[in-house]
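# next comes the sequence, and after it the predicted model I'd like to discuss.
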Amino acid sequence: MAEIIKVGLILMLVALVAAVALGLVNSRTASIIAVQKELEKQNAMNEVAGSLSPGDSLAFDSLSVAGLENPYMICDNTLNVMRVSVPPDTSSVGYVFIAYGKGYSSTVQTMAAVELDGSISSTIILYQQETPGLGANVENPSKLIEKFNRLTASECLLTKDGGGIDAMTGCTITSRAVTNSVRTGLEAMNEAGLFNSGDNEPAEENPADATVESSEEGGTE
Amino acid sequence: MSLIKDLTKGIYRENPVFKLVLGMCPFLAVTTSVENALGMGAAATFVLICSNFLVSLFRNIIPSKVRIPCYIVIIATFVTLVDMVMNAYLPDLHKSLGIFIPLIVVNCIILGRAEGYANRHPVLNSIADAVGMGIGFTLAMVILASFRELLGNGTWLNINVLGTAYQNQPLLIAILAPGAFILLCFILGFFNILEKRKGGRQ
């Protein structure tokens, strides 16, 4: 009996020391990590928005746009859109938004800058935890997201789903997550009337929406 | 003398992957490219050294009845601490190694060395053992990753080796999960043959 108590106490002591150490370090690092995350987001915003108006320092103010129902996107029904302007002037030069797409093993966050006419000017992957060597290659712009440039909502679709963007080899699910979440974001912004011209009607009932549950190739992304 | 022996045994004679067949989960998961293999190897070696050091240091205090939970608490705490500190103060390093950190917690080489070596040997020997095992693990991963990246992507350490023509139609299965198992079988078979030959000659 006495031995159980002694052993139990030692185990408790070990756990206690571990918990205290974790708590202390977490309280010191949590704020630094948060600041860094924010900084990273700011840098990404400046990077993608830079394509809208190269060389200028930009100002962002956030808009709230009603999101669209869609199986690829995880968000609480609002799309976080930033209106971009070049400071002394208050008129907008474009928009930046973050799209959330359900990938193979993570929610892929893509940040896209959009021109006033509704065409994509630049995209960047903010966060992904896809398979290293496969889906994770989505971070490499030339593999997929570079192909989004100058496309409008209805054109932002994979070849497999009837569009013109080739998916990354072996990574259909990741490619689809990024492409479809970006397209849905564009459609939501179009419905909110953010774009100038009316020639990019949101594609009604995309063929892709029907195929999401039965994503074919078992092992591939 | 025994220090050098502890250091070198992990590289071939007791290679954690090819001889002890430990740490298969991260081994199969991250060997899709040589770059990942090196990153995971570095991260795992670092954690291994520190956990061996701590376990060896406390080996006389921790009662043998609760040693396994103690090791798990020590290793998990340590890995989480490294993750948080790296994320806060070395964000660039965390960006490239961060995805491997959660995988290290499930790496049984670390628990295996704590239980199989560090809890019975002095601190210096334990560190030497950890360094050797880490190098052995990294080497093993680089070997498998070289095959997988070369066959599955046509590159080695992101350098195009087999040409763009091959890259357009690579042997994709090598980089997918089944390819890892198939290639691992060939490599393990090769080492078994090597061992048998050696035994036959004696």
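In hand now; what should we look at?

# from now on I want contacts and neighbour counts done on CA atoms only, so please keep to that.
Noted.

# and the pLDDT at residue 105?
You didn't say which chain, so I picked chain A. You'll see A:Ser105 listed with a pLDDT of 83.

# try chain B instead
So B:Val105 comes in at 73 (pLDDT).

# what's the closest non-adjacent residue to it?
Of all residues not flanking B:Val105 in the chain, B:Ala76 sits nearest, at 6.1 Å (CA to CA, 6 or more residues apart in numbering or on different chains).

# so where do the helices sit in chain A?
In chain A, the helices defined using DSSP state H lie at A:2-49, A:172-191, A:207-211.

# show me what contacts B:Ile187?
Going by CA atoms under 8 Å, 6 or more residues apart in numbering or on different chains, B:Ile187 touches B:Leu144.

# neighbours around B:Ile135, how many?
Close neighbours of B:Ile135, defined as other CA atoms under 10 Å in any protein chain shown, add up to 23.

# so of the helices of chain A, which one's packed in deepest?
helix A:172-191 (a mean of 25; mean count of other CA atoms under 10 Å in any protein chain shown).

# from the chain's centre, how far out does that one sit?
Mean-position distance between helix A:172-191 and its chain equals 10 Å (CA atoms, centre = their mean, to the nearest Å).

# show me what the mean pLDDT comes to for it.
89.

# so is that helix next to chain B?
No. Residues of helix A:172-191 contacting chain B under CA under 8 Å from any CA of the partner chain: none, with a closest distance of 13.3 Å.

# got the CA positions of that helix in PDB?
What follows is helix A:172-191, C-alpha atoms only, in PDB (Å, rounded to 0.1, in the frame of the first residue of the first chain):
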ATOM      1  CA  THR A 172      -6.600  15.900 -57.200                       C
ATOM      2  CA  ILE A 173      -8.200  16.500 -53.800                       C
ATOM      3  CA  THR A 174      -5.700  19.200 -52.800                       C
ATOM      4  CA  SER A 175      -5.900  20.900 -56.200                       C
ATOM      5  CA  ARG A 176      -9.700  20.700 -56.100                       C
ATOM      6  CA  ALA A 177      -9.900  22.100 -52.600                       C
ATOM      7  CA  VAL A 178      -7.800  25.200 -53.600                       C
ATOM      8  CA  THR A 179      -9.500  25.800 -56.900                       C
ATOM      9  CA  ASN A 180     -13.100  25.300 -55.700                       C
ATOM     10  CA  SER A 181     -12.700  27.300 -52.500                       C
ATOM     11  CA  VAL A 182     -11.200  30.200 -54.500                       C
ATOM     12  CA  ARG A 183     -14.000  30.000 -57.100                       C
ATOM     13  CA  THR A 184     -16.600  30.000 -54.400                       C
ATOM     14  CA  GLY A 185     -15.100  33.100 -52.800                       C
ATOM     15  CA  LEU A 186     -15.200  34.900 -56.100                       C
ATOM     16  CA  GLU A 187     -18.800  33.900 -56.600                       C
ATOM     17  CA  ALA A 188     -19.700  35.100 -53.200                       C
ATOM     18  CA  MET A 189     -18.000  38.500 -53.900                       C
ATOM     19  CA  ASN A 190     -19.700  38.700 -57.300                       C
ATOM     20  CA  GLU A 191     -23.100  38.100 -55.700                       C
END
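
# and that helix, what does it pack onto?
Helix A:172-191 is packed against strand A:59-66, strand A:92-102, strand A:107-115, with contacts defined by 3 or more CA pairs under 8 Å, 6 or more residues apart in numbering or on different chains; DSSP states H and E.

# dump those into TSV; add distance to chain B as well.
Shown next, in TSV, are these (distance: least, CA to the nearest CA, whole Å):
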stretch	distance to chain B
strand A:59-66	25
strand A:92-102	18
strand A:107-115	15
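
# of those, which stretch is the most buried?
strand A:107-115 (a mean of 26).

# might you list the low-confidence residue ranges for chain A?
Scanning chain A with the threshold set as pLDDT under 70 gives A:67-78, A:132-133, A:197-221.

# okay, which residue is most central for it?
Nearest to the mean C-alpha position of chain A, by CA atoms, centre = their mean, lies A:Gln109 at 1.9 Å.

# ok, that residue - contacts?
A:Gln109 neighbours (CA under 8 Å, 6+ apart): A:98-101, A:125-128, A:178.

# farthest-apart pair in these, please.
Maximum pairwise distance among the contacts of A:Gln109 (CA to CA): 12.9 Å, between A:Ile98 and A:Gln128.

# up against chain A, what does chain B have?
Counting by CA under 8 Å from any CA, chain B comes close to chain A at B:30, B:32-33, B:36, B:62-63, B:65-66, B:69-70, B:73-74, B:77, B:80-81, B:84-85, B:87-88, B:99, B:172, B:175-177.

# can you flag which of those residues belong to strands?
Within the residues of chain B next to chain A, no residue falls in strands by DSSP state E.

# can I get the helix or strand containing B:Met40 in CSV, CA atoms only?
Secondary structure from DSSP states H and E places B:Met40 in helix B:34-57. The C-alpha trace of helix B:34-57 is given here as CSV (Å, rounded to 0.1, in the frame of the first residue of the first chain):
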residue,chain,number,x,y,z
VAL,B,34,15.3,13.7,-49.4
GLU,B,35,14.7,17.2,-48.1
ASN,B,36,11.9,15.9,-45.7
ALA,B,37,14.1,13.0,-44.7
LEU,B,38,16.9,15.3,-43.7
GLY,B,39,14.5,17.6,-41.8
MET,B,40,12.9,14.7,-39.9
GLY,B,41,16.2,13.2,-39.2
ALA,B,42,17.6,16.4,-37.7
ALA,B,43,14.5,17.0,-35.6
ALA,B,44,14.4,13.4,-34.4
THR,B,45,18.1,13.3,-33.6
PHE,B,46,17.8,16.5,-31.5
VAL,B,47,14.8,15.2,-29.5
LEU,B,48,16.5,11.8,-29.1
ILE,B,49,19.7,13.3,-27.6
CYS,B,50,17.7,15.4,-25.2
SER,B,51,15.3,12.6,-24.1
ASN,B,52,18.2,10.1,-23.7
PHE,B,53,20.0,12.7,-21.6
LEU,B,54,17.0,13.4,-19.3
VAL,B,55,16.0,9.7,-18.9
SER,B,56,19.6,8.8,-18.2
LEU,B,57,19.9,11.6,-15.7
